[in-house]
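*Asks:* Pasting a predicted model and its sequence here:
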Amino acid sequence: KIKFMELAVIRREAAGMGANSYNESENMVKHELMDGAPIKGECVPIRLFLTPLDLTPTYRSVNNIFSVKYYLNLVLVDEEDRRYFKQ
């Protein structure tokens, strides 16, 4: 049975090339969507307001030196504290 479900917005930045590369991940926001097991067939609506977040467009490989990517990370945790991820 599921214990809880949470959703996070993650920003990943990468700078540099080769051995001089630098990666950084930052959790922009994390919300607990559900506490307890859902009823079979139940739909859990999600509304995530992005206005309060300091978001920029996703930049992929700017001059092969810099990139910024955003991810939604969904985590389900069961009663035995096993974590299931979907990104």
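*Replies:* Nice, I can see it. A quick note: this is a predicted structure, and the numbers were derived from the prediction, not measured.
*Asks:* Give me the distance from the worst-scoring helix or strand of the chain on mean pLDDT to the chain's centre.
*Replies:* None of the helices or strands of the chain scores lower by mean pLDDT, DSSP states H and E than strand 59-62, at a mean of 80. The chain centroid and the centroid of strand 59-62 are separated by 19 Å under CA atoms, centre = their mean, to the nearest Å.
*Asks:* Ramachandran angles for E80?
*Replies:* The phi/psi pair for E80 (degrees, to the nearest 10) reads phi -100, psi 20.
*Asks:* Contact partners for the residue most central in space within the chain?
*Replies:* Nearest residue to the geometric centre of the chain (CA atoms, centre = their mean): N73, 2.9 Å. By CB atoms under 8 Å, 6 or more residues apart in numbering, the residues touching N73 are L7, A8, V9, I10, F85, K86, Q87. C-beta coordinates here come from the backbone N, C-alpha and C atoms, glycine included.
*Asks:* From F85, how far off is it?
*Replies:* Distance, N73 to F85, using CB to CB, to the nearest Å: 7 Å.
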